[in-house]
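Asker: Got a predicted structure plus its sequence, pasted below:
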Amino acid sequence: MDAVALEAHIENRLAWEPSAVVAASGAGEFHAMSQDEVAAVARIAVSAVAGRHPVLVGCGGPLGNARIVARAAQEAGAQGLLLMPPYLVEPMPGGMAAYVRAVAASSELPMIVYHRGHGTLSVDDVRELVHDPLVAGIKDGVGDLALARRFAELVRESGRELLLLNGMPTAEVHHAAYAEIGIDRYSSAVFTMAPEIAMGFHSPSEPGMRDALLREFFEPFVRLRSEAPGLAVALVKTGLRLRGEDAGVPRPPLRDAERMRHRLAELLERGTAIIRGGTR
């Protein structure tokens, strides 16, 4: 891990006023990091942000690992956790709620629970978890809109102000569908490599910009990303290198996407042109 590069990357992105900084999560390759590395990344992020925005830290996997990382994130001064799916096993009925409670018992940090992969939540899980004071929200990476709508109903019925996030890969492509059911907040991996494109979609400066970005950048990016598993992370790292940031290459089991460098460069150029006023 290059601590200097990480701090510079965070400082650069803070200029775009993100709602929060999420360190050592999906795009940050939480899956390939040791507990000590996650703790170090958390400390660097908290120091770099210096209280200007909330810092959330990726946590999850094997239960013992999740508990250790949750404590380390709290000791580093983070404001919350993004709880990733548990490792390998598929939860039994009620199992995900039990997993969340077990991790929550390890620290005092509120958490956003990532509904994805082996960490899929049932309606009964959410009915229980919306009343847990340390559950601050749910990030949906499954894409079942009917189920997401039911989760939103349960949140409203609870009377709590929990955060519901569209956490689909390249969330911008799914934004309209989620916004229609009242979930208009999302996380953006594209922000990591091209903040001006991500913010141009989030807060377009002129009519037609959002549609142009979907047509010319986001939808082609999804097609490129879909050519092989793991490209969601690998392409971000390639994009960072194209932008002059040495983010290194993905750790195993992911592989580098350098072979797609020219195609990604073309997409980034198209997206940037739209931001500069080239809507069509």
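Answerer: Done, it's in.
Asker: Going along the chain, name the helices of this structure.
Answerer: Assigned by DSSP state H, the helices in the chain fall at 3-14, 35-49, 63-76, 95-104, 123-129, 145-158, 175-180, 190-193, 195-202, 209-213, 219-225, 231-242, 261-275.
Asker: Throw the ones you listed into JSON lines and include mean neighbour count and mean pLDDT, thanks.
Answerer: From N, CA and C alone the C-beta is placed, and that goes for glycine too. Conversion of these to JSON lines gives the following (neighbours: other C-beta atoms under 10 Å; pLDDT from 0 to 100):
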{"stretch": "helix 3-14", "mean neighbour count": "15", "mean pLDDT": "94"}
{"stretch": "helix 35-49", "mean neighbour count": "20", "mean pLDDT": "97"}
{"stretch": "helix 63-76", "mean neighbour count": "20", "mean pLDDT": "98"}
{"stretch": "helix 95-104", "mean neighbour count": "20", "mean pLDDT": "97"}
{"stretch": "helix 123-129", "mean neighbour count": "19", "mean pLDDT": "97"}
{"stretch": "helix 145-158", "mean neighbour count": "16", "mean pLDDT": "97"}
{"stretch": "helix 175-180", "mean neighbour count": "16", "mean pLDDT": "97"}
{"stretch": "helix 190-193", "mean neighbour count": "22", "mean pLDDT": "96"}
{"stretch": "helix 195-202", "mean neighbour count": "21", "mean pLDDT": "97"}
{"stretch": "helix 209-213", "mean neighbour count": "20", "mean pLDDT": "97"}
{"stretch": "helix 219-225", "mean neighbour count": "18", "mean pLDDT": "97"}
{"stretch": "helix 231-242", "mean neighbour count": "21", "mean pLDDT": "95"}
{"stretch": "helix 261-275", "mean neighbour count": "17", "mean pLDDT": "97"}
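Asker: so can I have TSV of those showing distance to residue 85?
Answerer: Below are the helices of the chain laid out as TSV (distance: least, C-beta to C-beta, whole Å):
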stretch	distance to residue 85
helix 3-14	24
helix 35-49	16
helix 63-76	10
helix 95-104	9
helix 123-129	13
helix 145-158	16
helix 175-180	20
helix 190-193	21
helix 195-202	25
helix 209-213	30
helix 219-225	20
helix 231-242	15
helix 261-275	28
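Asker: Which of these sits closest to residue 137?
Answerer: Checking these against residue 137 by C-beta to C-beta gives helix 145-158 as the closest, at 8.7 Å.
Asker: ok, the closest residue to residue 105 other than its chain neighbours to residue 143 distance?
Answerer: Counting by C-beta to C-beta, 6 or more residues apart in numbering, residue 105 lies nearest to residue 67, which is 7.9 Å off, once chain neighbours are set aside. Counting by C-beta to C-beta, to the nearest Å, the gap from residue 67 to residue 143 is 29 Å.
Asker: Kindly report the same for residue 171.
Answerer: Applying C-beta to C-beta, the value for residue 171 to residue 143 is 10 Å.
Asker: who has more neighbours, those two?
Answerer: Taking neighbours as other C-beta atoms under 10 Å, residue 171 and residue 143 compare with residue 171 leading, 23 against 16.
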